[in-house]
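**Q** After the sequence you'll find the predicted model.
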Amino acid sequence: GPKVLQIPSHQIIDMGQMVTLNCDPVSNHLYFYWYKQILGQQMEFLVNFYNGKVMEKSKLFKDQFSVERPDGSYFTLKIQPTALEDSAVYFCASSLSLADTQYFGPGTRLLVL
Amino acid sequence: GQQVKQSSPSLTVQEGGISILNCDYENDMFDYFAWYKKYPDNSPTLLISVRSNVDKREDGRLTVFLNKSGKHFSLHITASQPEDTAVYLCAAGAQGGSAKLIFGEGTKLTVSS
């Protein structure tokens, strides 16, 4: 089936540093999502993105977070500066339309020290 | 509040038996219900989904039952096999909006041979 790739698979970073998580979505998809899963908890919606704009963001999407997809390249989640509570697995997803299946990547495990 | 809940963190079924995974939800606006399978260190992969205009959908060994009045949906896996062993996530969403999915905590299914 369609594949979503995420780079890197793991990232360890010092608190206060910047980190960029990269997502390579399914090639013809137009809608992009980030979800966050803290260890032992369920996956939670962070943000979705379409046509260069954030459509909706949750309360977990702090001011330190930003998303973009410049010129059809990677869909990125940037955290600047990072905090200890940002440690989690971040899953990217993409879909062709709002009514279509969301395809997920394998996640990036972020550890903030 | 927790809008989507899987009350059983784990389930063990004998090979060849029927696995029944349950999910409860709170939001009347949800009109899309899905089951994802998650292997360790791998992407959540959509197994089967149903919209609120039907109360049952079958696909091979998988059947989703939707009980709108009870705000409950379930996944039945017939002829369970050891390779069905995984974490199963239920998810719900209101597709008329931004298509964000609300996930349950997951149920770890173990099929013993």
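**A** Right, received. Where do you want to start?
**Q** Show me which residues of chain B sit near chain A.
**A** By CB under 8 Å from any CB of the partner chain, the residues of chain B that approach chain A are B:4, B:36, B:41-46, B:49, B:89, B:95, B:97-106. Using the backbone N, CA and C atoms, a C-beta is placed for each residue, glycine as well.
**Q** Would you state the strands of chain B in chain order?
**A** Read by DSSP state E, chain B holds these strands, from start to end of the chain: B:4-5, B:10-14, B:19-25, B:32-38, B:44-51, B:56-59, B:62-67, B:72-77, B:86-93, B:101-103, B:107-112.
**Q** So for chain A, the centremost residue is which one?
**A** With distances taken as CA atoms, centre = their mean, chain A has residue A:34 as the residue nearest its mean C-alpha position (3.5 Å).
**Q** for that residue, what are its contacts?
**A** A:21, A:23, A:46-48, A:67, A:77, A:90-93 (CB atoms under 8 Å, 6 or more residues apart in numbering or on different chains).
**Q** Recalculate using a threshold of 10 Å.
**A** For residue A:34, the contact set (CB atoms under 10 Å, 6 or more residues apart in numbering or on different chains) comprises A:21, A:23, A:45-49, A:57-58, A:60-61, A:65, A:67, A:75-77, A:90-93.
**Q** Any stretches of chain A with poor pLDDT?
**A** Counting by pLDDT under 70, chain A contains no low-confidence residues.
**Q** what does chain B give?
**A** Judged by pLDDT under 70, the stretches of chain B that qualify are B:1-2, B:41, B:96-98.
**Q** and the strands of chain B as a markdown table, adding mean neighbour count?
**A** Written out in a markdown table, the entries for these read as follows (neighbours: other CB atoms under 10 Å in any protein chain shown):
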| stretch | mean neighbour count |
| --- | --- |
| strand B:4-5 | 20 |
| strand B:10-14 | 13 |
| strand B:19-25 | 21 |
| strand B:32-38 | 23 |
| strand B:44-51 | 18 |
| strand B:56-59 | 12 |
| strand B:62-67 | 18 |
| strand B:72-77 | 20 |
| strand B:86-93 | 24 |
| strand B:101-103 | 24 |
| strand B:107-112 | 17 |
